[in-house]
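*Asks:* Sequence below, structure please.
(2 chains)
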There are 2 protein chains.
Amino acid sequence: MSAPPAPWRAPPTSDGLITYDELRLAARNPGTPGEALALDITPVGLHYVLTRFDIPLIDPATWRLTVDGLVDRPLALSLDDIRRLPATTLTVTMECSGNGRAGMTPRPLGIPWLGDAVGTAEWTGAQLRDVLAQAGLRPGIAELSFTGADYGIERGYATAFIRALTPQDALRPEVLLVYAMNGQSLPPQHGAPLRLIVPGWYGMASVKWLMRIRALDQPVQAYHQRIGYHFRAPGSQTAIPIRHMRPRALMVPPGHPDFFSRRRHVAAGRVRLQGRAWSGSGIAVTRVLVSAAGGADGSWRDAALGASVGPYAWRGWTFDWQAAPGTYELCCRATDALGVSQPLDPPFDAGGMGNNAIQRVAVVVD
Amino acid sequence: MSAPPAPWRAPPTSDGLITYDELRLAARNPGTPGEALALDITPVGLHYVLTRFDIPLIDPATWRLTVDGLVDRPLALSLDDIRRLPATTLTVTMECSGNGRAGMTPRPLGIPWLGDAVGTAEWTGAQLRDVLAQAGLRPGIAELSFTGADYGIERGYATAFIRALTPQDALRPEVLLVYAMNGQSLPPQHGAPLRLIVPGWYGMASVKWLMRIRALDQPVQAYHQRIGYHFRAPGSQTAIPIRHMRPRALMVPPGHPDFFSRRRHVAAGRVRLQGRAWSGSGIAVTRVLVSAAGGADGSWRDAALGASVGPYAWRGWTFDWQAAPGTYELCCRATDALGVSQPLDPPFDAGGMGNNAIQRVAVVVD
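*Replies:* You can find the predicted model right below:
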């Protein structure tokens, strides 16, 4: 049906300024503004959006979810069919695996995320395993494929957006088929009428505009599963599939911005810094450190941790900073329950994936 | 109270690639994706957003709108007070006055809008004139000032976002104090809990996060009224205040995109092109022309015009294109009832304002 996936080719890199191709992608794939990190739940319109191709505008009345392949009972489910299943609401922090790409040196050309491609929403839907049970999975399934309605060209080859999960991953109770976000109908840009949500993973797993689930006896040969979304060291043939989010902390930029440079201006005195921290796969963040000296040795102090918003969601942190007049680089750094900490400097990846280096915020105290 | 406005200084320009400062602004000020032009009303999360400084997160329960200055009865209105006034809903097309800045040569540094900073929403609120009548405007008012809660640094000077209207403009029946967008509570990024909507004008007039209205016997000396948001020819001392939107047409990009370049791929045959066109101040668009040859002489054909979505909103247009294999540059061009047409080439403005040059969309027909 679909063409074979395009072979891997590292994107060009740049040490220079941002190209117009990158700007076009940035203008239509907004991040979550830092000030929205003050909220437990990111409102629609502030939650980051990545649209790989175009946003399909789908009529929910005629839309059907096809479930076929190695199943006992192939299905064509309406939205009402899925709404009739028991509903689950989960609060999930979702991040793009390319988040921070624009901070790499050199910079692989792609969506030039600065670090703000993360948000937290309340997703409501049916458990995927309930739908799979209705279809009846047969033995011998290698992967389930998930096809979105979005379609376009990757490196010269036309393809839909298709991802895969193993049956083991797909049957986890937290994997949902979602029709509502923050208590409202799923908006077009977040995958209406139905999307997959795979909590704990980077966002590429949570296929939007879901049209078809196929149970297959072979691994799925689709660009976005087998070629894209892998970690790759430059010059190496090894490709590691991207799955769970790496630990990360971000802060609400304090004080007021300069319009153009976005440099922050803060009044001297006690400044309450606050932010969010998360990791992947339901692993808790156990420590957030703050530095007002660009992360220099000896400058790190513990932030106070707030409660997690949910097992698959970020937690808040606060830190009281005694700000004296001068210029500063504020940093924050998360460590998770596995003992993994954010790197101080951006790691390089040939595809620009997984840069979870610490955030650095330029501040002037007046 | 506030410092005198910073003097005008033309922003630096560039003939080169996009700076990181511009990228930061693009990443937090999303445009409306072209595919959303298929919809009469732009959903929240797809409507363009410009946040000059930070998005203030305001508690609507304690928020008050102050109305003072040359009035008989100074007011401090709650949101409920404003909701109790007769409600008006207007469908309004709003565009940023800097839309298209990234297409200028050279490019004045600012938010690098590509041309997509436009959207149409249903805004619901009270008429401003009802609130002004409640306060009782005294004689001798030169301007009414409108102060938002957003605050930051413009060219070294700290300021709130403050705009002004003459009493004549402010008393027009279509000028609203708005608390709902598309039938829902106003979202934070669109000015919650209350914003001004000035239909027909570029977006800067529609102050978000409105806190205070003052009736003044002198023109308002605020940066965003007297310095910013003017048309300025390079090297000239003349500054023309920006008011109504210029005519413009945009198309829904046909076919499917290449992920990175966004170049469109279309199957040969009849292709129905569609888009939207609008002008300012309630002036109707009377003609939309389409060219498949980059706007070359003799290549323009009339599009069919749809009904306007409202007196202050865009109208649809369609054009059936017989697409033969090859590469094309599709263009569309609006003319309004005053006989004003879009320029073929971007006009230059020292502040990057008002570039309504025709859209050009690169297409490959396979």
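*Asks:* And the residue nearest to the spatial centre of chain A, how close does it get to chain B?
*Replies:* What sits nearest the mean C-alpha location of chain A, by CA atoms, centre = their mean, is A:Glu95, with 2.0 Å. A:Glu95 sits 15 Å away from chain B, going by CB to the nearest CB, to the nearest Å. C-betas here are computed from N, CA, C, even on glycine.
*Asks:* where's the residue in the stretch 51-200 of chain A that chain B sits nearest to, which helix or strand?
*Replies:* In the stretch 51-200 of chain A, the residue that lies nearest chain B is A:Ile153 (4.1 Å; CB to the nearest CB). Assigned by DSSP states H and E, A:Ile153 falls within strand A:143-154.
*Asks:* What parts of the stretch 201-350 of chain A come near chain B?
*Replies:* Residues of the stretch 201-350 of chain A lying close to chain B by CB under 8 Å from any CB of the partner chain are A:Pro253, A:His256, A:Pro257, A:Asp258, A:Phe259, A:Phe260, A:Ser261, A:Arg262, A:His265.
*Asks:* biggest separation within those residues, which pair?
*Replies:* Pairwise distances across these (CB to CB) peak at 14.7 Å, for the pair A:Pro253 and A:Phe260.
*Asks:* Between those two, which is the more surrounded one?
*Replies:* Between A:Pro253 and A:Phe260, A:Pro253 has the larger neighbour count (other CB atoms under 10 Å in any protein chain shown), namely 23 against 20.
*Asks:* The more buried one sits in which helix or strand?
*Replies:* Using DSSP H and E, no helix or strand contains A:Pro253.
*Asks:* Nearest residue to it in space, ignoring adjacent ones along the chain?
*Replies:* Nearest residue to A:Pro253, sequence neighbours excluded (CB to CB, 6 or more residues apart in numbering or on different chains): A:Gly34, at 4.6 Å.
*Asks:* Give the full set of residues in contact with that neighbour.
*Replies:* If you count contacts by CB atoms under 8 Å, 6 or more residues apart in numbering or on different chains, A:Gly34 has them with A:Asp116, A:Leu250, A:Met251, A:Val252, A:Pro253.
*Asks:* Export those residues to a markdown table and append columns for pLDDT.
*Replies:* Below are the contacts of A:Gly34 laid out as a markdown table (pLDDT from 0 to 100):
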| residue | pLDDT |
| --- | --- |
| A:Asp116 | 98 |
| A:Leu250 | 98 |
| A:Met251 | 98 |
| A:Val252 | 98 |
| A:Pro253 | 98 |
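*Asks:* Closest one of these to chain B?
*Replies:* A:Asp116 (6.5 Å).
*Asks:* Tell me if I'm right that the closest one and A:Glu35 touch.
*Replies:* No - the pair A:Asp116 and A:Glu35 fails to qualify as a contact (CB atoms under 8 Å) at a distance of 10.7 Å.
*Asks:* For A:Val285, which residues are in contact?
*Replies:* A:Pro247, A:Ala249, A:Ala277, A:Trp278, A:Ser279, A:Leu305, A:Trp314, A:Arg315, A:Ala334, A:Thr335, A:Asp336, A:Ala337.
*Asks:* Which strand or helix spans A:Thr89?
*Replies:* In the assignment (DSSP H and E), A:Thr89 maps to strand A:87-95.
*Asks:* Show me what that strand is packed up against.
*Replies:* strand A:118-127, strand A:195-197, strand A:269-278 (3 or more CB pairs under 8 Å, 6 or more residues apart in numbering or on different chains; DSSP states H and E).
*Asks:* Grab the nearest non-local neighbour of A:Val266.
*Replies:* A:Gly255 (3.5 Å).
*Asks:* residue contacts, the one you found?
*Replies:* A:Arg264, A:His265, A:Val266, A:Ala267, A:Val271, A:Val363.
*Asks:* Among those residues, which one lies nearest to chain B?
*Replies:* After measuring the contacts of A:Gly255 against chain B - CB to the nearest CB - the closest member comes out as A:His265, at 5.9 Å.
*Asks:* wait, the closest one sits on B:Tyr157?
*Replies:* No - A:His265 is beyond contact range of B:Tyr157, at 11.2 Å (criterion: CB under 8 Å).
*Asks:* where exactly do the strands run in the stretch 101-250 of chain A?
*Replies:* A:107-108, A:118-127, A:143-154, A:157-165, A:176-181, A:184-185, A:195-197, A:210-216, A:230-231, A:240-241, A:248-251 (DSSP state E, counting those that start in this stretch).
*Asks:* Tell me which residues touch A:Leu57, please.
*Replies:* Counting by CB under 8 Å, 6+ apart, A:Leu57 has contacts A:Pro188, B:Glu35, B:Ala38, B:Leu39.
*Asks:* That one should be in a strand, yeah?
*Replies:* No - using DSSP: H, G, I helix; E, B strand; the rest coil, the assignment for A:Leu57 is coil, not a strand.
*Asks:* where's the residue of the stretch 201-350 of chain A found nearest chain B relative to B:Ile153, distance?
*Replies:* Across the stretch 201-350 of chain A, no residue is closer to chain B than A:Asp258, which sits at 4.1 Å (CB to the nearest CB). The gap separating A:Asp258 from B:Ile153 is 4 Å, by CB to CB, to the nearest Å.
*Asks:* which residues do the two both contact?
*Replies:* Counting by CB under 8 Å, 6+ apart, the shared contacts of A:Asp258 and B:Ile153 are A:His265.
*Asks:* So for the closest residue to A:Ala160 other than its chain neighbours, what's the pLDDT?
*Replies:* Excluding its sequence neighbours, the residue lying closest to A:Ala160 (CB to CB, 6+ apart) is A:Tyr151, at 4.9 Å. Listed pLDDT for A:Tyr151 reads 97.
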